[in-house]
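Engineer: Generate a structure from the sequence data that follows.
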Amino acid sequence: MKSLNPQIHLVSRPVGEPVVDNFKLLELPLPDLQDGQVLVRNHFLSLDPYMRGRMNEGKSYAQPQPLNQVMLGGTVGVVAASKYAAYAEGDTVLTMGGWQHFCVLDANQRGSLQKVDARQIPLSAFLGALGMPGVTAWYGLVKIIAPKPEETVVVSAASGAVGSVVGQLAKARGARVVGLAGGAEKCRYVQEELGFDACIDYKQHADVKSLSAALKSACPDGIDGYFENVGGQILDAVMSRANPFSRVAMCGMIAGYNGEPIPMSAPQLILINRMKIEGFIVTEHLDVWPEALKELAALLTAGRLKFRESVSEGLASAPEAFLGLLKGRNFGKQLVRLI
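Structural biologist: So this is what the prediction gives:
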């Protein structure tokens, strides 16, 4: 009898906010391993905001998540069996294993899996600070914002997997860093643990005028760089305090992930302030990953790059954990432990 592989499929597309019923837990037989393939037992599953966009059928920067197939997602795990010489049983690997216990991968396909050394770095970190979120933070900050010493950089979703790394990298470059986060506990963490110069609890501000006033107080010399994860009211408030020749790295727009319109209240500020606004997808810049990972690994092993994780237990918990992530209930990188 073949072994069964628990997995979660997307079975319907959300209308507005996603719900648990959009997903279904199944157990399917594991296929036989063919020559050139590797079987990986996933240990951790990454949950990320970009997954919400892929649940839709409309045009985006990535193909929609197919219905009635395993939800796509990054995983780290251990090779359980191999019919490819470069990978041996027991190797720790990073891959897009999806929402399932096991994945079978064609090792000949470039980028399908990558060995990682988890002897000095926790395995889960390769899905966060030393993975796609960390490189996303590095690219947006270094290649788009490019802060100079003493410039002011603002980061939304500052306690999250990406924003927390952005702020620490900016501080390492001598910038003044101000975060935006939801709740007093997250703001304390951003300042006291991560070392941001200030953090604004956006939940305490009901409108753009109030949030703009808070930014004026926290950024007396204006804003030179902004790492955008949210959009909406926060973006409008930041735009109102932006300096001439400021730079904005557009990473995420979670305010509109459920299909809501995201109007900009004063787009003329882009021209008035001669602002540079650039959207990016980090997987389109694979050439810089080695440089980014080298710096991130050095900072992490030296204890100068801190990160926090929210870990949900068991595959069945993934849908609820994902919905919580979209509502900001996570603290740091959201993971699911599978073993």
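Engineer: care to break the protein down by domain?
Structural biologist: Annotated domains of the chain cover 4-126+307-337, 132-283 [automatic domain parsing].
Engineer: Can I get those domains in TSV including distance to Leu299?
Structural biologist: (C-beta placed from N, C-alpha, C; glycine too.) Output for the domains of the chain, formatted as TSV (distance: least, Cβ to Cβ, whole Å):
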stretch	distance to Leu299
domain 4-126+307-337	11
domain 132-283	7
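Engineer: if you compare the ones you listed, which one is most tucked away?
Structural biologist: By mean neighbour count, with neighbours taken as mean count of other Cβ atoms under 10 Å, domain 132-283 ranks first of the domains of the chain at a mean of 20.
Engineer: Do me a favour and get the end-to-end distance for that one?
Structural biologist: Domain 132-283 has its terminal residues 8 Å apart, counting by Cα to Cα, to the nearest Å.
Engineer: Run through who's touching the longest helix belonging to the chain.
Structural biologist: Scanning the chain for the longest helix, with DSSP state H as the assignment, gives helix 289-301. By Cβ atoms under 8 Å, 6 or more residues apart in numbering, the surrounding residues in contact with helix 289-301 are 120-121, 125, 129-130, 134-135, 138-139, 142, 165, 168-169, 172, 305, 307.
Engineer: Buried ones in it, by neighbour count?
Structural biologist: 292-293, 296-297, 299-300 (16 or more other Cβ atoms under 10 Å).
Engineer: Which pair in these has the greatest spatial separation?
Structural biologist: Spatial extent of the buried residues of helix 289-301 (Cβ to Cβ) is set by the pair Ala292 and Leu300 at 12.2 Å.
Engineer: Mind exporting the C-alpha coordinates of stretch 84-100 to PDB?
Structural biologist: Extracted in PDB, the C-alpha atoms of stretch 84-100 (Å, rounded to 0.1, in the frame of the first residue of the first chain):
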ATOM      1  CA  TYR A  84      19.600  12.100  -8.300                       C
ATOM      2  CA  ALA A  85      23.300  11.900  -7.500                       C
ATOM      3  CA  ALA A  86      23.700  15.500  -6.200                       C
ATOM      4  CA  TYR A  87      21.100  15.000  -3.400                       C
ATOM      5  CA  ALA A  88      21.400  12.400  -0.700                       C
ATOM      6  CA  GLU A  89      19.000  11.200   2.000                       C
ATOM      7  CA  GLY A  90      19.300  13.600   5.000                       C
ATOM      8  CA  ASP A  91      20.200  16.700   3.000                       C
ATOM      9  CA  THR A  92      18.400  19.900   4.200                       C
ATOM     10  CA  VAL A  93      16.800  21.700   1.300                       C
ATOM     11  CA  LEU A  94      14.800  24.800   0.400                       C
ATOM     12  CA  THR A  95      12.100  24.500  -2.200                       C
ATOM     13  CA  MET A  96       8.600  25.500  -3.300                       C
ATOM     14  CA  GLY A  97       7.200  22.300  -1.800                       C
ATOM     15  CA  GLY A  98       3.700  23.700  -1.300                       C
ATOM     16  CA  TRP A  99       1.100  23.000   1.400                       C
ATOM     17  CA  GLN A 100       1.800  19.300   1.900                       C
END
